[in-house]
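Asker: Please find the sequence and the predicted model below.
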Amino acid sequence: MNDDNDDVRLTCPLPAAAGDTVQLAHGGGGRAMARLIDAIIRPAFADAELDRRHDGARLELDGPAAFTTDSYVVRPLLFPGGDIGTLAVNGTVNDLAMCGARPHSLSVGLILEEGLPLAMLRRIVASMGTSATACGVRLVTGDTKVVERGKADGVFINTAGIGRIVAPAPVEPASVEPGDAVILSGDIGRHGMAIMAAREGFGFETVIESDCAPVAEAVLALFAAGVTVHCLRDLTRGGLAGALVEIAEAAGLAIGIDEGAIPVADHVLAACELLGLDPLHVANEGRFIAFVPRAEAGRALGVLRRHAPAQHSVVIGEVHERAAGEVTCRGVLGVERIVDMLSGEQLPRIC
Amino acid sequence: MKFRDEYRDARAARSLADAIARTVTRPWTLMEVCGGQTHAIVRFGIDRLLPPAVTLVHGPGCPVCVTPVEYVDKAIAIAGRAGVILCSYGDMLRVPGSDGDLLAARSRGADVRAVYSPLDALEVARRHPHREVVFFAVGFETTAPANAMAAYRARQEGLGNLSLLVSHVLVPPAMRAILDAPDNRIQAFLAAGHVCTVMGYEEYLPLAAHYRVPIVVTGFEPLDILEGVYRCVRQLEAGLAEVENPYSRVVRRAGNRAALAILREVFRVIPRRWRGIGDIADSGLGLAPAYAAFDAENRFGPVALDREASGECVSGRVLKGECRPTDCPAFGTRCTPDHPLGVTMVSAEGACAAYYRYRGIPARSS
């Protein structure tokens, strides 16, 4: 961060008294806050709506819309493969995509901890701007608050997003049907293990990078190609297991998956084995599952594999009518077991 | 993944299961000692590959399950003191004490930290010289050397603000207690491979000879476990009672000399209470007199062991292999990982947690 500090000294127009960290005055609604927004946030988000300096954004939307919100808290703020800013944009973009919507605009709520280096804030909002541009979404309105030192973990970010629904039929658990194929968009467990390794300072030989990525383009391509999509779900906390159980329970159907079909990168698997964690429960930030009629699964894979974050999409299982709400996994020895949500916090075992 | 996939090969597993089926001519009851093995068995469905004549009984080898509740209470009480940082393995943090667990203590403001190694606790003590840092040291022989190393280094560095709350237990005395029980039905053991990595397997030789039980040093992958079962039933059918070590890629006869040396330096063998099982002579480790200054019980007062309350939970019988998790009327109904009645439903190595997690509630009828 020292390099970035130099950058801040050269360009930050804040009075010298404010130093190079976030002060309580930056959230006070006065000059300091106006300067912070004008100097750091508005340039990073670069949107004409923000330049109007009004209390909210005016948007033009035709037809049905999806609206979602998510809050982002992560330690460390920067990690291999991303930072809290990329998470906050991609996460909400992905939630909109999972609703069958084309992401249109996001709001950004920043809760900053007193003492946060301005260089860190600059980096995070720059990531948000870059991520938003990359997935064609606008950051049109926002809010900044500063809390006393010790009352937050550096930065908390809330983003809400709105998008136009392009799916011709409802994309939701209730639309899932027996016989649907379950498609997984790539290998699992990268984000959770990247964060754990970075947070705890594990000296793994290979650096695990988060899979944090926007998946909207890949998902929208399914609709553009006319593939029937019954349900989509991005895999975040709770991992693949959590997403499957939620959908099985909400749909009142059973889901059977094949453990051998689920891709996990070797270095992620090794880290999971070492810590006694099941990759099925580990968090992801750029993976999703799609439920499509079995007959259309091949075509769906063909479409998804043309897009980088989903280029390793595979069919991992199928929806059944038996035992509503149950998710089972056929293990590598051919014996089925139950897949359940994680109970409580994911904690490494003793030995 | 190398060193893993080759031990999970379905065809090799099937051929071992077939060999077991061909060998067995009558019913046999085997105990896998370690909770890690129990989880592998239930997760991969290894028991379902075996002929009905072979019964696998789950053993006491879950370190957090057998830690007396009074130690958990003591850890919570110490964590609640001003200025204390209490460190332990993550799995220990959600073990229920008499009134809540360490995670609940943390939510009330206690400084409770999950560490991955006792040496992390040492580092916490170095970084916070004005605070008392207590490491809750539990586990079998597997974790004991690393815990011993933390005490050893603290003494060498004169790190006066680190202490250990020690509740270490040893496997062979527990096996002896199980075999001595009047209604014992265990005819052979899959010994815990990781314990033997540290200790070697010479201490099992007198056990096998005295009780006439085959003991096979067994790893944790499906093929390791099937190989262990195969060797056990082969011995049983032949009327043998020997110690075998097919887990030779990891375990040496004399164990890990460096680890054993640090154990001898820091610990001494003492009697221990096992949660759900009771008092077992010479079944645990406590800090040796030279390390008394690093004993949290000397610094914060001794742990007072009460007579165990007998509630609805049958975890003690589960740990001794007297019943299966699914035999318990509370399993999956009044007792779940979210609302556990006993530790075996909480721990990553607990048998009840394994059944609940991998087989769900319908397992009761299977």
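Answerer: In hand now; what should we look at? Residues are numbered from 1 along each chain as shown, chains lettered A, B, ... in the order given.

Asker: Give me the neighbour count for the residue of the stretch 201-350 of chain A found nearest chain B.
Answerer: Residue nearest to chain B within the stretch 201-350 of chain A: A:Val335 (2.6 Å; Cβ to the nearest Cβ). Where C-beta positions appear, they are placed from N, C-alpha and C, glycine not excepted. Neighbour count of A:Val335, defined by other Cβ atoms under 10 Å in any protein chain shown: 20.

Asker: Also B:Val250?
Answerer: Residues contacting B:Val250 under the criterion other Cβ under 10 Å number 14.

Asker: Contacts only, for it.
Answerer: By Cβ atoms under 8 Å, 6 or more residues apart in numbering or on different chains, the contact list for B:Val250 reads B:193-194, B:197, B:219.

Asker: Now intersect these with the helices, please.
Answerer: Using DSSP state H, B:193-194, B:197 are the members of the contacts of B:Val250 that sit in helices.

Asker: filter these by proximity to chain A?
Answerer: Restricting the ones in helices among the contacts of B:Val250 to those near chain A by Cβ under 8 Å from any Cβ of the partner chain leaves B:His194.

Asker: Which stretches in the stretch 51-200 of chain B count as strands?
Answerer: Applying DSSP state E, counting those that start in this stretch to the stretch 51-200 of chain B gives strands spanning B:54-61, B:84-89, B:111-115, B:132-139, B:162-169, B:188-192.

Asker: Which residues are in contact with residue 80?
Answerer: I went with chain A, as the question did not name one. A:Pro80 touches A:194, A:197-198, A:207-210, counting by Cβ under 8 Å, 6+ apart.

Asker: look at chain B instead
Answerer: B:105, B:108, B:110.

Asker: residues from chain A in reach of chain B?
Answerer: Counting by Cβ under 8 Å from any Cβ, chain A sits next to chain B at A:200, A:202, A:266, A:269-270, A:273, A:275-276, A:326, A:331-338, A:340, A:343-345, A:347-351.

Asker: Show me which of the contacts of B:Gly80 is closest to chain A.
Answerer: The closest of those to chain A turns out to be B:Ala105 (Cβ to the nearest Cβ; 14.2 Å).

Asker: So the closest one sits against B:Ile76, correct?
Answerer: Yes: assessed by Cβ atoms under 8 Å, B:Ala105 is found in contact with B:Ile76 at 4.8 Å.

Asker: can you list the weak-confidence ranges in chain B?
Answerer: B:307-310, B:362-366 (pLDDT under 70).

Asker: count of neighbours near the residue in it positioned nearest to chain A?
Answerer: Closest residue of chain B to chain A, Cβ to the nearest Cβ: B:Gly45 (2.6 Å). When neighbours are counted by other Cβ under 10 Å, B:Gly45 registers 19.

Asker: ok, it touching A:Leu333?
Answerer: Yes: checked against Cβ under 8 Å, the pair B:Gly45 and A:Leu333 is within contact range at 6.3 Å.

Asker: Look up which helix or strand the residue positioned nearest the centre of chain A falls in, please.
Answerer: By Cα atoms, centre = their mean, chain A has its centre lying nearest to A:Gly91, at 2.8 Å. Secondary structure from DSSP states H and E places A:Gly91 in helix A:84-98.

Asker: can you give me the helices in the stretch 1-150 of chain A?
Answerer: Assigned by DSSP state H, counting those that start in this stretch, the helices in the stretch 1-150 of chain A fall at A:2-11, A:31-36, A:42-45, A:48-51, A:84-98, A:118-134.

Asker: just chain B next, same as before
Answerer: With helices called from DSSP H, chain B shows them at B:10-23, B:35-44, B:69-79, B:102-107, B:118-127, B:144-157, B:171-180, B:193-199, B:204-211, B:222-238, B:257-266, B:296-300, B:315-319, B:351-359.

Asker: can you pull the buried residues of the fourth one?
Answerer: Spelled out, it's helix B:102-107. Neighbour-count burial for helix B:102-107 flags B:102-106 (criterion: 16 or more other Cβ atoms under 10 Å in any protein chain shown).

Asker: ok now it, how far from the chain's centre?
Answerer: Using Cα atoms, centre = their mean, to the nearest Å, the mean C-alpha position of helix B:102-107 is found 23 Å from that of the whole chain.

Asker: on contacts alone, who are the packing partners of that helix?
Answerer: Packed against helix B:102-107 by the contact rule (3 or more Cβ pairs under 8 Å, 6 or more residues apart in numbering or on different chains; DSSP states H and E) you find helix B:69-79, strand B:84-89, strand B:111-115.

Asker: any idea which strand is longest in chain A?
Answerer: Longest strand of chain A, by residue count under DSSP state E: strand A:101-113.

Asker: and that strand, which strands flank it?
Answerer: Strand A:101-113 pairs in its sheet with strand A:138-147 (parallel), strand A:155-165 (antiparallel), by DSSP bridges.

Asker: quick one, which of those is packed in tightest?
Answerer: A comparison of those by mean neighbour count, using mean count of other Cβ atoms under 10 Å in any protein chain shown, puts strand A:155-165 on top with a mean of 22.

Asker: In the stretch 251-351 of chain A, mark out all the strands, start to finish.
Answerer: Taking DSSP E, counting those that start in this stretch as the test, the strands found in the stretch 251-351 of chain A are A:254-258, A:288-293, A:314-320, A:327-330, A:336-338.

Asker: Where does the prediction get shaky in chain A?
Answerer: The model of chain A has pLDDT under 70 over residues A:1-18, A:351.

Asker: longest single strand anywhere in chain B?
Answerer: strand B:278-287.

Asker: for chain A, what are the nearby residues on the stretch 251-366 of chain B?
Answerer: B:336-338, B:348-349, B:356-360.

Asker: swap the cut-off to 7 Å and go again
Answerer: The stretch 251-366 of chain B has residues B:337-338, B:348-349, B:357-360 near chain A, with proximity defined as Cβ under 7 Å from any Cβ of the partner chain.
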